[in-house]
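Novice: Model the following, please.
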Amino acid sequence: MMMHNYLGDNLFDEDWADTPLMREYFGKGNFLYGKHAKHLLRTDVRETEDAIEADIDLPGFKKDEIQVHLENGYLTVSAEKHADKQAGKGKYLRQERYSGTVSRTFYVGDALKPDDVKAKYEDGVLVVSLSKKAPEAIEQRSQIAIEG
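Specialist: Below you'll find the predicted structure:
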């Protein structure tokens, strides 16, 4: 026997009670991106011979809607999508595509400089490459003669 959806949500989903009515009443959920907001900015991290690379899913964004910042040892990836203005093309009966801002921050350490980070966006995936640097040599301590 097949279970039907309750107000459009599958009862077998982990958030089966997360309906628009329940969110309005209890103030639950992420209204900007909906109940699946936790799935945004899914990231795979891998190590190559000379870099650490992060593949970050950003489907539906244009390159100019994405920003990557490195500040105080933290790498922040953010993206912003504006609502489509479809004036004069009918009215929406259902609107599920999101608009707004999303971001994720990763601690990468203080040793990285902006020149050590490269980013490429293609087919909905942002690839951020963090150069592996050889540890800086620690200055050897030298004995200084004291005159007098």
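Novice: C-alpha only now, for contacts and for neighbours.
Specialist: Fine.
Novice: So Thr76 sits against Ile56, correct?
Specialist: No. With contact defined as C-alpha atoms under 8 Å, Thr76 does not reach Ile56; the gap is 11.6 Å.
Novice: More neighbours: those two, which one.
Specialist: Ile56 (20 against 16; other C-alpha atoms under 10 Å).
Novice: residue contacts, the residue lying closest to the more buried one once chain neighbours are set aside?
Specialist: Nearest non-adjacent residue to Ile56, counting by C-alpha to C-alpha, 6 or more residues apart in numbering: Thr43, 4.5 Å away. Counting by C-alpha atoms under 8 Å, 6 or more residues apart in numbering, Thr43 touches Ala54, Asp55, Ile56, Asp57.
Novice: does the residue nearest to the first one when sequence neighbours are not counted count as helix, strand or coil?
Specialist: In space, Ala54 comes closest to Val45 once its chain neighbours are excluded; the distance is 4.4 Å by C-alpha to C-alpha, 6+ apart. Assigned state for Val45: strand (three-state reduction, DSSP: H, G, I helix; E, B strand; the rest coil).
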